Every structure is written in structure tokens, then in C-alpha cells.
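Trainee: next come a sequence and a model predicted from it.
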Amino acid sequence: MKKLTLFLTIGILSGCSSIDTMDNPTIQVYDLNDYDADGVIAQRDRCKDTPLGAMVDNYGCPIVDPVHQREEVKIQFANNSAVIPPAFYSEVEVVAKLMQTYPTATATVEGYTSKTGSYEHNLTLSKSRAMAVSSLLSTKYDIDPKRLSTKGYGYDHPVNPDNPAAAENRRVIVDISNSQKITDMDWHIYSVDEEAQ
């Protein structure tokens, strides 16, 4: 046992005596800082000014998604009418706010009818409904008419095919698309919604 202890002591002491010390400072070749706080070191970061909180790829560039959204404008049109009751202006305002949020976005306003009357009459009526929403967007909410187009579908594509004359088939849908992209934001336990700040 004494021999084993002696061997271990000599082994440990000889091991400690052979440790090299660093007399010269280490030269850092790569910039390991993360200046924009995106989690990617500067040496690899290809996008230097990433928005704070954005989800990024391996090179520090924000992950972006194109904007494409379909909004159903819940207006209860009277039968055989393209007049938007003022009570439903708030529905159009939702679309206007989206268009204002994305100033390069364009929108196609699609009108639909219930199946009462001739196809030609309903096609004209659906176009009139789409034009009424488009007109309200440009006159009341200052959306440039060049950003808006209209299309009427008549009573094609009913929401309630079992009852083609149902009121819910009289509707308008706004299809918004944008060449501008939005950045995916990373959520974590410390994230705070803008409304809460």
C-alpha cells in the first residue's frame, strides 16, 4: 500500500511539473463579437444590422416571409344591392389598416352574390359590390386606387352550396399581396408584446 501511494504521489508530481504555461498572449484571428445581438458572431454574420428579436439563419440574416393575406369583409349586403351600410364600414377599415401597414401592397376586391336572378345580373351585381368596397377604401381611407383591382364572380363559389340563395353567399373578399416581406420575430420567455409596453 505504501508503494502504491508513493507511485501515485510521484506520478502526480511529475505530471504537474510538465505543464506548459502560456507566456505569450493568444492572438484572436476571428472577430467573435455579436454586434447586432442576433446570436451570430461577426466573422460569420452577413447581415450586420439585423432587427433586434428577428429570427435569423446561420449567417445572421433575418428570415422573411412574403405578405399574402385573404380577408373576408363581413358586410351583410341587402338582396340585389351593392350599397354598404355604414354599420359595416369598420369591416372595410380592417382592410384599409392592412393596406396602410404595407404601403406597396396591392389588393384584388372580389365580389360574390347569392343565387337569385340571372347569371348576368348577378355577375354585374358582384362587380358592383367589389367596386363599392374598392371605392370606400380609396375615398374614406385614402388607399390609392391604383393599388386596387376588382373582380366579380356572381354566384359562383358559394360559401353555402346547400342553400345558394343564402345571405352568407353575398360577400366580398379582399386578396392582399405584397412584394414587401415581413421579418419573422423570435419569441422567447422575455418577449413583450408592443401593446403591453
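Mentor: Alright, I've got the coordinates. Numbers count the residues shown, from 1 in each chain.

Trainee: and the longest helix for the protein?
Mentor: If each helix of the chain is counted by residues according to DSSP state H, the longest one is helix 119-139.

Trainee: next, Asp38: secondary structure please.
Mentor: Secondary structure assignment for Asp38 (DSSP: H, G, I helix; E, B strand; the rest coil): coil.

Trainee: nearest spatial neighbour of Glu110, skipping sequence neighbours?
Mentor: Ile173 (4.6 Å; CB to CB, 6 or more residues apart in numbering). Every residue, glycine included, has its C-beta placed from N, CA and C.

Trainee: let me know the average pLDDT across whichever strand or helix holds the one you found.
Mentor: Following DSSP states H and E, one finds Ile173 within strand 172-183. Here the mean pLDDT over strand 172-183 is 76, rounded to a whole number.

Trainee: cool, and stretch 112-120?
Mentor: When pLDDT is averaged along stretch 112-120, the result is 92.

Trainee: which residues in the chain form strands?
Mentor: Using DSSP state E, the strands found in the chain span residues 64-73, 106-111, 148-152, 172-183.

Trainee: out of those strands, deepest packed?
Mentor: The highest average neighbour count among the strands of the chain, using mean count of other CB atoms under 10 Å, belongs to strand 106-111 at a mean of 23.

Trainee: so which other helices or strands are in contact with it?
Mentor: Contact partners of strand 106-111 among helices and strands, from 3 or more CB pairs under 8 Å, 6 or more residues apart in numbering; DSSP states H and E: helix 119-139, strand 148-152, strand 172-183.

Trainee: how about the ones you listed in CSV, adding distance to Thr106?
Mentor: Below are the helices and strands packed on strand 106-111 laid out as CSV (distance: least, CB to CB, whole Å):
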stretch, distance to Thr106
helix 119-139, 12
strand 148-152, 7
strand 172-183, 6
